[in-house]
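Asker: no FASTA, just this:
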């Protein structure tokens, strides 16, 4: 899709957006997600195996079950014990009792290469001791 998150957002919004012609979407370019009213765009960076890093990645994302699941970490402040607006939006697509469902679109890149749109996914809290005080481990199940 492109190296910048803006390219990914343009893909979601489209050319015939309902936004005014000169509108600019404002978001934190350093964040691993962008929230919308009815969904989220997630951005996951994977280590480049051809460029071994001197330092360990703080968020060791990994593919599981032959690429059907990707682990992703959300910061404690964004998670809010699962009660934050972000957590509710992230998990609403996986909650069968929810009256509304959100869309979660996953973008992944290796190193500093272009993002690839992996499509929609369903998020769930991982049953894993990997989560620590600063981050919560989430499983992203590709659909």
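Answerer: Perfect, thanks for sending it. Bear in mind that the values here come from a model prediction, so they are computed numbers and not experimental data. Numbering: from 1, shown residues only.
Asker: Mind naming the longest strand for this structure?
Answerer: Secondary structure of the chain per DSSP state E: the longest strand is strand 116-125.
Asker: Tell me the strands beside it, with direction?
Answerer: If you go by DSSP bridges, strand 116-125 pairs up with strand 103-110 (antiparallel), strand 135-142 (antiparallel).
Asker: List the buried residues for it?
Answerer: 118, 121, 122, 123, 124, 125 (16 or more other Cβ atoms under 10 Å). (C-beta placed from N, C-alpha, C; glycine too.)
Asker: what does stretch 4-20 give?
Answerer: By 16+ other Cβ under 10 Å, the buried positions in stretch 4-20 come out as 5, 8, 9, 12.
Asker: all helices of this protein, in order?
Answerer: Assigned by DSSP state H, the helices in the chain fall at 5-13, 76-79, 85-91.
Asker: Tabulate these (JSON lines), appending mean pLDDT.
Answerer: Below are the helices of the chain laid out as JSON lines (pLDDT from 0 to 100):
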{"stretch": "helix 5-13", "mean pLDDT": "82"}
{"stretch": "helix 76-79", "mean pLDDT": "89"}
{"stretch": "helix 85-91", "mean pLDDT": "89"}
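Asker: Which one, of these, ends up nearest to residue 67?
Answerer: Nearest to residue 67 among the helices of the chain is helix 5-13; the distance by Cβ to Cβ comes to 19.6 Å.
Asker: now the angle from the closest one to strand 116-125?
Answerer: 80 degrees (axes from the mean of the first three to the mean of the last three Cα atoms, to 10 degrees).
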